[in-house]
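Asker: just the structure for this:
(2 chains)
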Amino acid sequence: MNSSREYADYTTGEPVVDTKAPAGPVAERWDTRRFEAKLVNPANRRKHTVIVVGTGLAGGSAGATLAEQGYHVVQFCYQDSPRRAHSIAAQGGINAAKNYRNDGDSVHRLFYDTVKGGDFRARESNVHRLAQISVEIIDQCVAQGVPFAREYGGLLDTRSFGGVQVSRTFYARGQTGQQLLLGAYQALSRQIAAGNVEMHPRTEMLDVIVVDGRARGIVARDLITGKIETYFADAVVLASGGYGNVFYLSTNAMNSNATAIWRAHRRGAYFANPCFTQIHPTCIPRTGDHQSKLTLMSESLRNDGRIWVPKAKGDDRPANKIPEDERDYYLERIYPSFGNLVPRDIASRAAKNVCDEGRGVGPGGQGVYLDFADAIKRMGKKAVEAKYGNLFDMYARITDEDPYKTPMRIYPAVHYTMGGLWVDYDLQTTVPGLFAIGEANFSDHGANRLGASALMQGLADGYFVLPSTINDYLARNPHHDEISDEHPVVREVLDETADRISRLLAVDGDRTPDSFHRELGELMWEFCGMARTETGLRKALERIPQIREEFWRRIKVPGTGEEFNQSLEKANRIVDYLELAELMCLDALHRAESCGGHFREESQTPDGEAARRDEEFGYAAAWEFTATGEAPALHKEDLVFEYVHPTQRSYA
Amino acid sequence: MKLTLRVWRQQNADAEGAMSTYEVDNISSDMSFLEMLDTLNEELIVKGDDPVAFDHDCREGICGACSLVINGDAHGPERTTTCQLHMRSFKDGDTIDVEPWRAAAFPVVKDLVVDRSSFDRIIQSGGYISAPTGAAPEAHAAPVPKPDADYAFEHAECIGCGACVAACPNGSAMLFTSAKVNHLGVLPQGAPERETRVLDMVAQMDEEGFGGCTLTGECATACPKGIPLPSISAMNKEWLRATRKVSR
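Answerer: Reported below is the predicted structural model:
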C-alpha cells in the first residue's frame, strides 16, 4: 500500500474503442448487432455455466432470462434472499417511450432527452438502444403481474420526471422499484425451482478469477460459515450495483458495496468515469452524527411540490409565517420552462447555492422547503394522499413533522453513480468473459442520470441486452480447459483473499470499521461532492493514503473469519472504498471541466451553470489499474455525436 | 436518553442462546432503533466484545431485512419496520427486550439473525406468473380494472420480512402466502396458473413447518405494510375453489 508516487500522477495509455457498436444509422445498430452476433445452439446452452453476481433489477432479470434460454446459471447475493437487493428501494418510476399520452413522445425523444440529460458524456449507440428497449420492458413487466398504477379505464397511468416535458414515467405508487424487483425475483424463483439457477444467498464475491486473459470464475465467502470458496464458469456477469457508499452517508442500502467491481478492476477491467456521481436533490436532511444513512424522497414529488427558501438571509420564522412575497421559488425563477422539474444535478446545485448564501432552512441551514400547500389547495388533500401517501408517511415517521401541514425540508444526498466498469456495446468489460450490467457499468447515463432511468437501464441490460450479447462470447469461446482450485492462478487468488481477511483480523487496533468509513465519507463529501476544486481534490488525494495507512494500523475487527462476522464484512468493503475513493478524486481532478453531476468550480458559465469543455474532455475516461501503489493509466474513449448535437444544456 | 437493553445472544445455529444486559447512554430521540444498536455495537467493538448481529440493509422500510422482536412485538411498538422505528417511541430509563423472530421455520443464524429461506421456497413453489422474457404481449392488450389493480398492489406490497410469522402464536405463514396468492390471482395475467399456484404454495408452506392459522389476527396487526387480514380468508376461498376445480 505504501508508494513513492505523487498522489496525483497518472499515465496516458492507448485510446479505448468500442469495437462492438456497429456503424450505420443509430436506429438500426441494435438489430445489426443482434444479427451479427453468433448464437449458441439451444441444445448446447446447458453445457455453459454463467455466474451472475447480484440479484437487483439487472442481476435478477439477467439470471432469470439466461436460465430461460437454457444456460446453467450460478447466482450470488450478500442478502439473505434475492428479493432484497437495493433496487427495491427505488420509488418514483420507470421511463418508457410508449407515447400512451400522445404528448409527442417517441424513442427518438427519449434518446435525445437521455443524451442531453447526461450532459453529452454518454454513447449515442447505447442510449438509443436503451430507448428502443424501454417499450418492451413495460410489456414484460405487465405480463409478470407488476401492479403498475392504472387509470379508471384500466390502462396504465404515467407521470413526469425531471429533465423532460412529456409524461412517460410508469409507476406503482412510490414503490416502483419494489414491484419491478419482485417481478424479476419471481421470474428468478421460477428458474431456481426448475433447477436452472443455483442460488447462493448470503454469499459475497471477493474476487474474480482470470485465467489466460479470460474471466473463469469468482472467489466468494459464505457469510454464515465464513468459508471461502471458488466457483467456475464460462462467463461472469457483475450486477453488483454502484459505489455511492464510498461517501458513507448515501441513499444506498447499508451493505451495498464496491468490492465486486473494484476487485474486477484490479484484475484488469477498466473503470470508467469514477467521478460521475449523482447527488439527488430531494432527500431528508441529516439530524445528527448518529446518522447511518440518508433517505430519499422521490423526485416524483417535484411534479406537485414547489421548492423554495426565504428571500432574506437568516430568516428563521416558521414556514407558514413567511408571506408569499418573501419566498423565493428559485427553481421556477431561474428555470421558468422546466421549473421544479429541472434535472437532478441542476436542482441539487441550486439548493446548495441558496444554502451557501445563508438562506437554507432547518437545523444548520442545510435544507430547502418542498411545499405541497398549493397542490393540496388545487387537488385536495385526498388526491395528494393517493398519489404520494406512502412518501408523506415515511417523511413524517423520520422527521416527526406532518408534511400535509408544514412543508417538507429536503437537502441533496449521494444517490447513484453513473461511473462504473467500462463496457463495450455488448456490455463486456476489458476482461474477456467478464460482463457488467446495471449500475455496475458506466454506459448509458453520461455525467448525469435522469430520474426513472435507472430502473429502465437495469432491466434493459438484464432482460434484453446481456442475454443477446453474451451468446456471441460463449459461441466464440465454446470450450475451456477445466480448472480447479489446484490451478496456480486460482491458488494465488485464493491465497490473496485469505491473506487479506487474516490481516484484517490480525491488526487488533483501537478503531472500528465504521469510524474509518465515516472519516472517508466526510472527506469525499467535502472535496469530491457537489462542487469540486483543484485545491480540494489535491487535499483529498493527499489525505486518502494517510487514512488507508492508519486503517491498516488501527482497525479493530472482533471475532474470527470462520463465522458470521458483520464487522469483518464491513472492514473488508472499506479496504476497497479506500482505494476506489482515490481513483474518484483523481478522475475528478483530471477532468478540469464541469459536466452533469461533476461540477468543477473553475469551469462555470457566468450564471453559474456547468461549463463543459468538449474539445478537451469530450471522452469517457477509462482507467486501468497498473499495480498496487503505481500510477493508473488513463485510456480515452472519444465520444462521437452524430444525432444529438452537444450544446450548453438549457432548462431555462 | 439512557436505556437498558436485554438482547438475545446466540453464537450460532447450534449454540444455546441467552439474554444479555447492556446499558446505552446518550441516545437521541431522532435515532432509529437500528442506529441505537449501532451505537451499542461501536462500544462493544472498541471493548473487544462481539457486536450484536442483526439483519438490516435499506433502512427505508422496504427491503424487509430487519427483523427484531422488541418488547415482545414484532418490529416493536409502532406499525412499521424496525429500521423506521425511532427512539422517540421510548422513554429515558426504559428497559427494552430485543429478540429475534421466533418460529420453527425461521431458525436462528446468530444473535438476532434468522434464516427466512423458507419464504423463498414458498415463492419458488408457485408465487410467479410464467412469462419468459420476450414473450409478452403489448402492455395495453389486457386492461385491468382499477379496483383490481389496486387490490393487486395492496397485496404486492408485502416485503417478506416475516413479522406476520413472528407475531403469530402458531408461527403461521398464511398472511405472507395469501398476499402473493391474492396479488397474482386477481390479475388477468395470473389467471392461467391461478389454481396450481394456490395449491402448490399452500402445500410448500405446510412442508416448511409453519403452523396452522387460527385467525387470531396478530399477523395483520404486526404487518408493517398493512396486508389486510381478509387476505387469508380470500386465500382459503381460492384454495377451496382450486381444489374443486382441479379434482373435477
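Asker: every contact and neighbour count from this point should use C-alpha atoms.
Answerer: Will do.
Asker: what stretches of chain A score poorly on pLDDT?
Answerer: In the predicted model, chain A carries pLDDT under 70 at residues A:1-5.
Asker: pLDDT on the strand or helix carrying residue B:7, on average?
Answerer: Secondary-structure element containing residue B:7, defined by DSSP states H and E: strand B:3-9. Confidence for strand B:3-9, expressed as mean pLDDT, is 98.
Asker: show me the helices in the stretch 1-150 of chain A, by range?
Answerer: Taking DSSP state H, counting those that start in this stretch, the helices of the stretch 1-150 of chain A run over residues A:29-36, A:42-45, A:57-69, A:107-117, A:124-143.
Asker: chain B now?
Answerer: Taking DSSP state H to define them, one finds helices in chain B at B:33-46, B:117-124, B:146-156, B:163-167, B:174-185, B:194-207, B:218-222, B:230-247.
Asker: right, and those helices - which one's nearest residue A:570?
Answerer: Closest approach to residue A:570 among these is made by helix B:33-46 (12.7 Å; Cα to Cα).
Asker: give the buried residues for the closest one.
Answerer: If you call a residue buried by 16 or more other Cα atoms under 10 Å in any protein chain shown, then helix B:33-46 has these buried ones: B:33-42, B:44-46.
Asker: tell me the contacts of the closest residue to residue A:641 other than its chain neighbours?
Answerer: By the measure of Cα to Cα, 6 or more residues apart in numbering or on different chains, the closest residue to residue A:641 outside its immediate chain neighbours is residue A:124, 6.7 Å from it. Residues touching residue A:124, when contacts are defined by Cα atoms under 8 Å, 6 or more residues apart in numbering or on different chains, comprise A:26, A:115, A:640-643.
Asker: please identify the pairing partners of the strand holding residue B:7 and their relative orientation?
Answerer: Using DSSP bridges, the strands paired with strand B:3-9 in its sheet are strand B:18-24 (antiparallel), strand B:95-100 (parallel).
Asker: may I ask which helix or strand of chain B has the lowest mean pLDDT?
Answerer: Counting by mean pLDDT, DSSP states H and E, the weakest-scoring helix or strand in chain B turns out to be helix B:230-247, with a mean of 94.
Asker: distance of the closest residue to residue A:559 other than its chain neighbours from residue A:578?
Answerer: The spatially closest residue to residue A:559, leaving aside those adjacent along the chain, is residue B:50, at 6.4 Å (Cα to Cα, 6+ apart). As for residue B:50, its distance to residue A:578 is 25 Å (criterion: Cα to Cα, to the nearest Å).
Asker: same check on residue A:65?
Answerer: Following Cα to Cα, the distance that separates residue A:65 from residue A:578 is 35 Å.
Asker: the more surrounded of the two?
Answerer: Under the criterion of other Cα atoms under 10 Å in any protein chain shown, the comparison of residue A:65 against residue A:578 puts residue A:65 first, with 26 against 21.
Asker: show me what contacts that one?
Answerer: Neighbour list for residue A:65: A:462-463, A:467, B:132-133 [criterion: Cα under 8 Å, 6+ apart].
Asker: just those residues now: which is nearest residue A:394?
Answerer: Once Cα to Cα is applied, the member of the contacts of residue A:65 that ends up nearest residue A:394 is residue A:462, at 30.3 Å.
Asker: pretty sure that closest one sits against residue A:55.
Answerer: No - under the criterion of Cα atoms under 8 Å, residue A:462 is not in contact with residue A:55, lying 10.3 Å apart.
Asker: name the residue in these two with the higher neighbour count.
Answerer: Neighbour comparison, residue A:462 and residue A:55: the larger count goes to residue A:55, with 34 against 26 (by other Cα under 10 Å).
Asker: need the contact list for the residue in the stretch 251-400 of chain A positioned nearest to chain B.
Answerer: Among the residues of the stretch 251-400 of chain A, residue A:253 lies nearest to chain B; the distance is 4.0 Å by Cα to the nearest Cα. Residues counted as contacts of residue A:253 (Cα under 8 Å, 6+ apart) are A:86, A:293, B:57-59.
Asker: how does the chain divide into domains?
Answerer: You didn't say which chain, so I picked chain A. Following automatic domain parsing, one gets these domains for chain A: A:280-415, A:488-618.
Asker: was after chain B, sorry
Answerer: Domain assignment of chain B by automatic domain parsing yields the ranges B:3-110, B:117-247.
Asker: so which of those domains is nearest residue A:72?
Answerer: domain B:117-247 (15.9 Å).
Asker: would the closest one count as contacting chain A?
Answerer: Yes - using Cα under 8 Å from any Cα of the partner chain as the criterion, contacts between domain B:117-247 and chain A involve B:117, B:120, B:123-140, B:143-146, B:149-150, B:152-153, B:156-157, B:184, B:187, B:189-190.
Asker: buried ones among these?
Answerer: Using 16+ other Cα under 10 Å as the burial test, the residues of domain B:117-247 next to chain A include B:117, B:120, B:123-133, B:136, B:139, B:143-146, B:149-150, B:152-153, B:156-157, B:184, B:187, B:189-190 as buried.
Asker: helix/strand/coil for residue A:188?
Answerer: helix (DSSP: H, G, I helix; E, B strand; the rest coil).
Asker: ok, now which ones touch the residue in the stretch 1-150 of chain A positioned nearest to chain B?
Answerer: The nearest approach of the stretch 1-150 of chain A to chain B comes at residue A:139, 4.4 Å away (Cα to the nearest Cα). Contacts were defined as Cα under 8 Å, 6+ apart; by that measure residue A:139 touches B:136-139.
Asker: again, 10 Å this time
Answerer: Remark: with contacts taken as Cα atoms under 10 Å, 6 or more residues apart in numbering or on different chains, residue A:139 is in contact with B:133-141.
Asker: that one and residue A:96, how far apart?
Answerer: 10 Å.
Asker: what do you get for residue A:238?
Answerer: Between residue A:238 and residue A:96 the distance is 25 Å, computed by Cα to Cα.
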